[in-house]
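S.K.: sequence first, then the predicted structure, then my questions.
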Amino acid sequence: MNLSLPETSDTFFQGNSSLGHPLLPGVLDTSHRVILYLEEVTVTFDGFRALNNLSLAIDAGELRCIIGPNGAGKTTMMDVITGKTRPDSGSIYFGQTIDLTRMSEPEIVTAGIGRKFQKPTVFEQHSVFDNLELALRGEKRVRHSWHSRCQGEQRDRIAEILETIHLLPMARQQSGALSHGQKQWLEIGMLLIQEPELLLLDEPVAGMTDEESEQSAELFLSLAGRHSLMVVEHDMAFVSKLNSRVTVLHEGSVLAEGRMEEIRHHPRVIEVYLGR
Amino acid sequence: MRRSNPLTPPVCSFCVTFGERMRYPIFRQALCLLLLCLALLLPISTLQAAWEEQQAEILLGSDSEARITLLRQWLANGEPFAEPLYKALAEDALLIGNRRPLRKQDGQLFDLLGNQPLPEQELAVTAVTINNRLRREVQSGLALLRLFDADRGVRLAAANALQSKATLIMLPVLERALQQEKDAQIAENLRLALALAMLGSSDSQLRRQAVLVLAESATPTTKTTLNRLLLPGAETDREVVRQAEIALEKVNRRLLFGEALASLFSGISLGSILLLTALGLAITYGVMGILNMAHGEMLMIGAYTTYAVQNLFRSHFPQLLDGYLFAAIPAAFLTAAVVGILLERSVIRWLYGRPLETLLATWGLSLILIQTVRLLFGAQNVEVANPSWMSGGVTLLPGVVLPWNRIVITFLALAVLALTWSLLNRTRLGLFVRAVTQNRSMAGCVGVPTSRIDSLAFALGSGIAGLGGVAISQVANVGPDMGQGYIVDSFLVVVLGGVGQLAGAVWAALGLGITGKVLEGWVGAVIAKIILLVFIIIFIQRRPQGLFVLKGRQSES
Amino acid sequence: MDSHSSALPPEKQPLLSPLAWKGVGLYAILCLLVVPLLHLLLDAHSPWHISAYFINLGGKILCYAIVAVALDLIWGYAGILSLGHGLFFALGGYAFGMYLMRSIGRDGVYHADLPDFMVFLNWKELPWYWTGSDHFFLSVLLVLLIPGLLAFVFGYFAFRSRIKGVYFSIITQALTYAFMLLFFRNETGFGGNNGFTDFKRLLGMSITTPEMRVTLFVLSALTLLAALLLCRWMITRKFGRILTAIRDAESRVMFIGYQPLWYKLTAWTLSALLAAIAGALYVPQVGIINPSEMSPANSIEIAIWVAVGGRASLIGPVLGAITVNLAKSWFTVSFPEYWLFFLGLLFVTVTLWLPGGLISLLSRLRKGES
């Protein structure tokens, strides 16, 4: 099984666009530095515009925080990117060539986008180890599931991730018995082990202790560069800690974008957050 | 014979002349009035009694031909003694004594001409015996005589029967009956019978007129008559054939329209039964999310309550029997609601949020309910009778009758729908129910007594199903297993209509009801049901959330 | 990173525990040797003799147990409650019943080439879909093909549209209901409400001999064992872990890159095939198949066997099928009017107080002992 990490390759950050490059469908192409494009995406639920002409771009290797009041469209945006909801109009591209609006959820995952849900979702009846094993990158078709065995390198990889998410001692435990914060971590571990190019994290530190949340911030910062991350959070202290570019969503479109300090003094953002 | 040519009476030409316009009721009524006036103007010589003594010899003789001619003549002339004589003949009670027709009854003799009892010993009497041919003649004669009965119902039935049986020899009698008839509906039937009789005539002009009359009707009988006329070799006159073809087309078109109307109506009434069953489900499953497989048994309980109330009225208030339905409606609602509360409190409440387990447990409850009813009332179907005011129906077209019981059910369904809607949307209980469905814990936090609301809402859903049971008891069989037959249908209504609202259930119930009935007329009941199920399965593929679904943010499973 | 291996679970999971292998051995001795020999060799008056009635009842219950295992695979492990397994069971039965009907030959009531019911309906020749039903192997193929194909096509469309939970249950119920109505019709060509009966022979041998009875019993017992081992094998593979993962958090399965459709479809079709095989074994043993086997009530009863025994345990459904059906045989003879009460109460009790079924009770007892 090929376990090399293509995203560490330098070409991902220095696409040589002057020489031109082949546009291969299905192959991630970040030659223009951008890994995810959302262009004029609109989603309507019974007349209510959850996303309203939303345009957004995430660079390869970037850590981006998304904030916004309730109902701003944060979760809907994640649904649209991961194929759970189809947009009424607009386009979503992963890199230059992969059109996400035409793909099913598993196809999008295989293309390299991992998603953590708002509510931690792990397989509660399975052991922590099994959770990670199922999430391992690799062949996911039925006929491989009969004889696939988890051995050698793969076990090492799982152990490595277990260590990263501080769950190595609990490897044999049923994941349903974990605490809320540990489940969050397990879910993050399940994303990491897929080695996605882009991680979508919906409120990753909700329910974590301060210490856990601190460790999470460190983890995400260390991931940035190798992976691209999109973090939706309510916890402003946590967002400040990440010290990254922040996008403010409001009523389904981008209200402001910039560093945390800039955002903090943006008049429209203050108006939205503090009320009119 | 007193009339030289009985085949060209003025009456006939009238119905033919106006035939084209007869489809309009106003013309029919005008025509009837006209006929009535004509009848009054006619010479009344035929009504005089005319028993000639030498006729007694013929009656006693063995010449069947002569005897039949004699009988027909009396009948055609409308002799007052014709009817008692026919009756006596039919009962083998006709005697001839002193050359007068006599009837023997309870050992006494009566003079059919004067109806006086006669001392038996003075007379030498001879019984009139008849053979089978004569007996048939007497029977058809009696059928004709019923056209003159005082009771409207008897006349109507007789006229109806003659529509397919009239023959040329009945023509004079039919004409006379038509002259006397004051009821428009009977007159209409008589005209058709007359036309059928005229078809037997050798005069092609008369047959053509008959066809024109038939063209204006819309009964299956006329269709058969015309079809028979169009059989190869049945009719020689080309003009008559041409007219008959046109007439058949007209009749067919009218019949088809009538059929469509009838199946539309029975679709609506089936839809309203489905609606009543589905309405309860729309609350328990649609609004509360409880998959109650015992819902069909709530119908059954409602129907059995109706049966019990009916029996109570029959034994204690027989004079009020016709009104038992008005007592059955609240009783059925309450009984089903109470059973509903019991189920909710004892079993269902512990299974909220576990739909598959609820499904199994409520299935078990349904088995228990069925068996309980079986032990209480027996395994056989019980008989629930319609109140007398619900029998019969409204005739839209000849052959298209809307039965009263179905009309009542449709209105009952509408009333229940209106009540439920306003209960959910206009009352505090409804507000609470909606609040609990949308966010149980939040509703609890703001002081809504959630567990009581659950019980009440479940009771409401069950009670409405009980009302459905009252409705079903008026049109279908009532037995312990009756609920099982409706549960699949009503779940399909809810699946089709979408969860969480009444509008979906209403449209789905009506849609399924009407399509079902229309398909049934086309391909038969079983195939219709299968087509519907397949359709629903395909439909669910396209719109898994049902017809009317509120789209919303996709939450995480 | 060998230092971690102590914390990680072992690499291999055995197919069965040593205790379970002992159980398999005991089962094999009992069903394949003891019972047949007690029936065949002993005199009917001997107290140890097992009567034909019990062999038939046993064979019947073994078939039920196979369906229960089949339903457990899809309900217990994949979380998909089918209320239509009676349909696959009956279709398997009908497919094999066609062969049995043809084997009657001219020994029917009318002594005709056609099956009796066709003579009765005044049919002149076999409908086209009866072609080949006189060949044993073709019929066995049909037993697998017809229900398998139906399950595959239906499952494909249902799972593709992501129909889940009670919706799926209701639709499978509607499906079996539709088929029941279809098979009740005389015109469908499967004997209307009387179905198939009066079978005479199987593979040229009389169907009523003790040897045939025992053969069918042993065949049922072997099939049950094979079904159990197959299902056990599947769930100890990664396939099984993905199946249970789909049951517990389907969206998460999708978001780690699996297409649940194909996993569900595989389990579903296999489950339907097992049910069909059970049906085919059932028909020659009870000697009749009619559309009432497709009634929604029958399918729901299968679910209660599984629930009583204990879902997601494989051996549980077998226990459940045996217990409930033994109880049914006893009740319908001793207190026929109370059977429905008992069954109804069973549904309620198991869902309310014993969600883990009998098997959870047993394991609780065992824990209490140790």
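M.R.: The structure has been received and is ready for your questions.

S.K.: who in the stretch 1-150 of chain C is up against chain B?
M.R.: C:Leu81 (C-beta under 8 Å from any C-beta of the partner chain). Backbone N, C-alpha and C define where each C-beta goes, glycine included.

S.K.: what about the single nearest residue of the stretch 1-150 of chain C relative to chain B, how many neighbours?
M.R.: Of all residues in the stretch 1-150 of chain C, C:Leu81 sits closest to chain B, at 4.9 Å by C-beta to the nearest C-beta. By other C-beta atoms under 10 Å in any protein chain shown, 28 other residues sit near C:Leu81.

S.K.: shouldn't it be within a strand?
M.R.: No - using DSSP: H, G, I helix; E, B strand; the rest coil, the assignment for C:Leu81 is coil, not a strand.

S.K.: list the contacts of it.
M.R.: If you count contacts by C-beta atoms under 8 Å, 6 or more residues apart in numbering or on different chains, C:Leu81 has them with B:Leu356, B:Leu359, C:Trp75, C:Gly165, C:Val166, C:Phe168, C:Ser169, C:Ala303.

S.K.: would you mind measuring from it to chain A?
M.R.: 17 Å (C-beta to the nearest C-beta, to the nearest Å).

S.K.: repeat for B:Leu147
M.R.: B:Leu147 is 66 Å from chain A, by C-beta to the nearest C-beta.

S.K.: wait, a strand at A:Ala57?
M.R.: Yes - judged by three-state DSSP, A:Ala57 forms part of a strand.

S.K.: contact partners for it?
M.R.: A:Val34, A:Leu36, A:Tyr37, A:Leu38.

S.K.: of these - the most surrounded one?
M.R.: A:Leu36 (25 neighbours).

S.K.: just to revisit the earlier point, from the contacts of C:Leu81, which two are the most distant?
M.R.: Across the contacts of C:Leu81, the longest distance by C-beta to C-beta is 13.9 Å; it joins C:Gly165 and C:Ala303.

S.K.: so where is chain A shaky, pLDDT-wise?
M.R.: Scanning chain A for pLDDT under 70 picks out the ranges A:1-26, A:46, A:274-276.

S.K.: residue nearest the centroid of it?
M.R.: A:Leu200 (1.6 Å; C-alpha atoms, centre = their mean).

S.K.: quickly list what that residue is bridged to.
M.R.: In this entry, A:Leu200 is beta-bridged to A:Arg115, A:Met230, by DSSP bridges.

S.K.: surely it meets A:Met78?
M.R.: Yes - with contact defined as C-beta atoms under 8 Å, A:Leu200 reaches A:Met78; the gap is 5.2 Å.

S.K.: before we move on, the earlier item: out of the contacts of C:Leu81, which are buried?
M.R.: B:Leu356, B:Leu359, C:Trp75, C:Val166, C:Phe168, C:Ser169, C:Ala303 (16 or more other C-beta atoms under 10 Å in any protein chain shown).

S.K.: quick one: the contacts of A:Ala57 as a markdown table, columns for distance to chain B and secondary structure too.
M.R.: What follows is those, written out as a markdown table (distance: C-beta to the nearest C-beta, whole Å; DSSP: H, G, I helix; E, B strand; the rest coil):
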| residue | distance to chain B | secondary structure |
| --- | --- | --- |
| A:Val34 | 26 | strand |
| A:Leu36 | 20 | strand |
| A:Tyr37 | 22 | strand |
| A:Leu38 | 17 | strand |
